[in-house]
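# turn this into a model:
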Amino acid sequence: MSTAGRFYTKDVFDRERYDRILEIAAEMTAVSSDEPYESIKAVFSQETIYQTPKIDSRAILFNERNEVLLVEELDHTWAPPGGWCEYNLTPAANAVKEAREEAGVDVEVCRLVAVHDQHKWNEPFEFFTVQRFLYLCRLKGGAFQQNIETLGSGWFSLDQLPKLHPRKIAPEQLRLCLQASQADVWETRFD
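Okay, here's the model as predicted:
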C-alpha cells in the first residue's frame, strides 16, 4: 500500500505519510523475522508501484531411474533449473530458457504440474508473493556448461537429495512432480 501511495501521490504531505507507513511495515516485519530493519526497509523501498506477485517457473526433469535434474546454486544449495519470468516470455517458455541457461539442456515442456504459492510451500518467508510454476519437461539434449548462475548439475534420487535451496523447492514438490511424471492423466494442482 505504501509503495503504491508513494508512487501515485503528488502531495508532499501524503508522501510523508506513505513514507511513515513503509517504515512501520518494515518495523513490524523486522519484529517477526530474523532480518534487520534496514534490510527490510531497503527491500520494501525497491518496490515503486503497486505490488503484484512475482512469477517463478521451474523445469522439472526425471530420467529413466526417476532421478531429478538439479543445478547447484552459487550458495551450494540445489534446485531445479528456473527463475523469475522474463517480461516477454510465458512461464513455460521461461522454464525452457532457464533449463538452457542454468543446466545447459534443451527441454520440451510436457505438463504443468502445479502452481504453488511460495509462502505455503517454501521457507524462509519471502517479503513478496511468489507464484511458482512447476513444469514437467522432456530432455531433448545438451549437457551442463559453465555459466554465471550455477556451479554444476546432477541427477538425484528423491531418497538422496542434496541440500535444497529452501526458497526455490521443497522435497514435497519434487515428489508431486514425480507422481505427475508417472501419471497417464494429470490435473494441475494449484493453491
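# okay, now the domains of the protein?
According to automatic domain parsing, the chain is divided into the following domains: 2-46, 54-190.
# and those domains as TSV, adding mean neighbour count and mean pLDDT?
Yep, even glycine has a C-beta here, placed from its N, CA and C like the rest. As requested, the domains of the chain are exported to TSV (neighbours: other CB atoms under 10 Å; pLDDT from 0 to 100):
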stretch	mean neighbour count	mean pLDDT
domain 2-46	14	82
domain 54-190	17	95
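# for stretch 75-91, how far is the first residue from the last?
End-to-end distance of stretch 75-91 (CA to CA, to the nearest Å): 25 Å.
# distance check, the residue nearest the centre of the chain against Ala92.
Centroid-nearest residue in the chain, with CA atoms, centre = their mean: Asp56, separated by 4.2 Å. Shown here: Asp56 relative to Ala92, a distance of 13 Å by CB to CB, to the nearest Å.
# which residue ranges of this structure form strands?
Secondary structure of the chain (DSSP state E): strands located at 54-60, 68-73, 78-79, 82-84, 105-117, 130-142, 150-156, 189-190.
# dump these to JSON lines, plus distance to Ala26.
Output for those, formatted as JSON lines (distance: least, CB to CB, whole Å):
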{"stretch": "strand 54-60", "distance to Ala26": "19"}
{"stretch": "strand 68-73", "distance to Ala26": "27"}
{"stretch": "strand 78-79", "distance to Ala26": "28"}
{"stretch": "strand 82-84", "distance to Ala26": "23"}
{"stretch": "strand 105-117", "distance to Ala26": "23"}
{"stretch": "strand 130-142", "distance to Ala26": "19"}
{"stretch": "strand 150-156", "distance to Ala26": "32"}
{"stretch": "strand 189-190", "distance to Ala26": "31"}
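# out of the ones you listed, nearest to Val96?
Across the strands of the chain, Val96 has its closest neighbour in strand 105-117 (5.7 Å, CB to CB).
# elements contacting that closest one?
Where contact means 3 or more CB pairs under 8 Å, 6 or more residues apart in numbering; DSSP states H and E, strand 105-117 is packed against strand 54-60, helix 91-98, strand 130-142, helix 171-182, strand 189-190.
# perfect, that will be all.
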